[in-house]
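Peer 1: Structure for the following, please:
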Amino acid sequence: MQKMDAIYSKNPLDRLDQTRGKEADFKSRRGLDSSLFLLFNGNELVVHNETMCEFSNAQLKQYDMNVHDSVLLGELEGVNYFAISVGDNKYVATRDDDGNFSDHPLRKFPTRLYTEKNYYPEAKLGILAQAASVLNWHLSHTHCACCGEPTVIAHSGWRRDCPSEACSRQHFPRVDPVVIMLVTYGDQCLLGRGHQFPEGRYSCLAGFVESGETIEDAARRELFEEAGVIGGDTHYLLSQPWPFPSSLMFGMHIEAKTQQLKIDYHEIADAMWVDKADVIKVLNGDDSFPFQLPPSIAIARNLLEIWIDG
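Peer 2: Numbers count the residues shown, from 1 in each chain. A predicted model of the protein is given here:
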């Protein structure tokens, strides 16, 4: 079985960090005819004619779009990329007159890469994750966490500033580190069910990294807290930006010291050990087993594929 890179892990943009603080340069890039804009309605990507999700300045003007609160994502082959949240634009009220527009949840959008033509290339999916994460942060951090004053967008969209002279705090986009664990014991691995999972779905255990904690310690702690299993040798495998809303997933491998389970049902709904041979059959489409595996968009799927490939 050939291992795929984690969805959203490829981002070819030069993020132009040196440009973000130069307002004139930012506005100049934003006004170029060649610049492209990604539009998000909440956490859903706006798509036109079922294929196009990159819009030009000319197209935005046609729909009376306000580009002033756009975020500079970066540059690729001389083209500047920006992201805009459409919630405050007239576009939301008028676009339904054109039946060719639709909103696509990012959790489902990438799967179309393997079933449809002309969809966003896998090599650029990280741009979508970057855009969604930073826009999600803007939507949830409209006020200063220190004094409560409404904040303003700054630094080409990569900062929010408090305008209060008494405060003047600067706020930057947050990224939440999460460990997700491939836990093995010989030719078996541990799978768990979240309380909100679809019926029959099992996946790798996961949890947030706490303050002052390494990703290895976090992985072993989460394993013990959720399943009561003591972890041994632990190492990092791969990572994935996960824009729901702004996580960074660290894929870890843990060799369990024991298979005895003591499940915390407040944390997870269930957990069980499964044979590698059965995982292979399920990955190949066999639906006769009492568990379903995560879809290709999830890093858990990559972890299982890495395990299968040895």
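
Peer 1: Show me where the stretch 101-250 of the chain has its helices.
Peer 2: Assigned by DSSP state H, counting those that start in this stretch, the helices in the stretch 101-250 of the chain fall at 125-140, 215-227.

Peer 1: In the protein, where is pLDDT below threshold?
Peer 2: For the chain, applying pLDDT under 70 flags the ranges 1-4, 88-99, 117-118.

Peer 1: domains for it, by residue range?
Peer 2: Each domain of the chain is listed here as a residue range: 1-140, 142-174, 176-308, per automatic domain parsing.

Peer 1: can you redo these as a markdown table with mean neighbour count?
Peer 2: Bear in mind the C-beta positions are built from the backbone N, C-alpha and C, glycine included. As requested, those are exported to a markdown table (neighbours: other C-beta atoms under 10 Å):
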| stretch | mean neighbour count |
| --- | --- |
| domain 1-140 | 16 |
| domain 142-174 | 15 |
| domain 176-308 | 17 |
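
Peer 1: before we move on, the earlier item: distance to Glu267 added to the helices of the stretch 101-250 of the chain, as a markdown table?
Peer 2: As requested, the helices of the stretch 101-250 of the chain are exported to a markdown table (distance: least, C-beta to C-beta, whole Å):
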| stretch | distance to Glu267 |
| --- | --- |
| helix 125-140 | 25 |
| helix 215-227 | 5 |
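
Peer 1: ranges for the strands of the stretch 51-200 of the chain?
Peer 2: 55-56, 71-76, 79-85, 101-105, 152-154, 159-161, 170-171, 176-185, 188-193 (DSSP state E, counting those that start in this stretch).

Peer 1: nearest to Cys204, of these?
Peer 2: Cys204 lies closest to strand 176-185 among the strands of the stretch 51-200 of the chain, at 5.2 Å (C-beta to C-beta).

Peer 1: now the angle from the closest one to helix 215-227?
Peer 2: 70 degrees (axes from the mean of the first three to the mean of the last three C-alpha atoms, to 10 degrees).

Peer 1: So which residues make contact with strand 176-185?
Peer 2: 189-190, 204-209, 215, 218-219, 222-223, 227, 229, 231, 237, 242, 246-256, 258-259, 273, 299-300, 303-304, 306-307 (C-beta atoms under 8 Å, 6 or more residues apart in numbering).

Peer 1: and with 6 Å instead?
Peer 2: Here strand 176-185 makes contact (C-beta atoms under 6 Å, 6 or more residues apart in numbering) with 190, 204-206, 208-209, 215, 218-219, 223, 246-254, 256, 259, 299, 303, 307.

Peer 1: for Asp25, what are its contacts?
Peer 2: By C-beta under 6 Å, 6+ apart, the residues touching Asp25 are Thr19.

Peer 1: roughly how far is the helix or strand hosting it from the heart of the chain?
Peer 2: Assigned by DSSP states H and E, Asp25 belongs to helix 23-30. Distance, stretch centre to chain centre, for helix 23-30: 27 Å (C-alpha atoms, centre = their mean, to the nearest Å).

Peer 1: likewise stretch 167-182?
Peer 2: Relative to the centre of its chain, stretch 167-182 is centred 13 Å away, using C-alpha atoms, centre = their mean.

Peer 1: Start the count at 12 instead of 1 going forward.
Peer 2: Understood, numbering begins at 12; the last thing we discussed is stretch 178-193.

Peer 1: Can you show me the CA trace of that stretch as PDB?
Peer 2: What follows is stretch 178-193, C-alpha atoms only, in PDB (Å, rounded to 0.1, in the frame of the first residue of the first chain):
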ATOM      1  CA  CYS A 178      -3.400  48.800  26.300                       C
ATOM      2  CA  SER A 179      -2.000  48.800  22.800                       C
ATOM      3  CA  ARG A 180      -1.600  45.000  22.900                       C
ATOM      4  CA  GLN A 181      -0.700  43.000  19.800                       C
ATOM      5  CA  HIS A 182      -2.400  39.700  19.200                       C
ATOM      6  CA  PHE A 183      -1.100  37.000  16.800                       C
ATOM      7  CA  PRO A 184      -2.900  34.000  15.300                       C
ATOM      8  CA  ARG A 185      -2.800  30.900  17.600                       C
ATOM      9  CA  VAL A 186      -2.100  27.400  16.600                       C
ATOM     10  CA  ASP A 187      -3.200  24.500  18.900                       C
ATOM     11  CA  PRO A 188      -0.800  21.600  19.000                       C
ATOM     12  CA  VAL A 189      -2.500  18.200  19.100                       C
ATOM     13  CA  VAL A 190      -0.900  14.700  19.300                       C
ATOM     14  CA  ILE A 191      -2.600  11.800  17.500                       C
ATOM     15  CA  MET A 192      -1.200   8.400  18.200                       C
ATOM     16  CA  LEU A 193      -0.600   5.200  16.300                       C
END
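
Peer 1: What sits closest to His182 if chain neighbours are left out?
Peer 2: Nearest residue to His182 in three dimensions, chain neighbours excluded: Arg171, at 4.6 Å (C-beta to C-beta, 6 or more residues apart in numbering).
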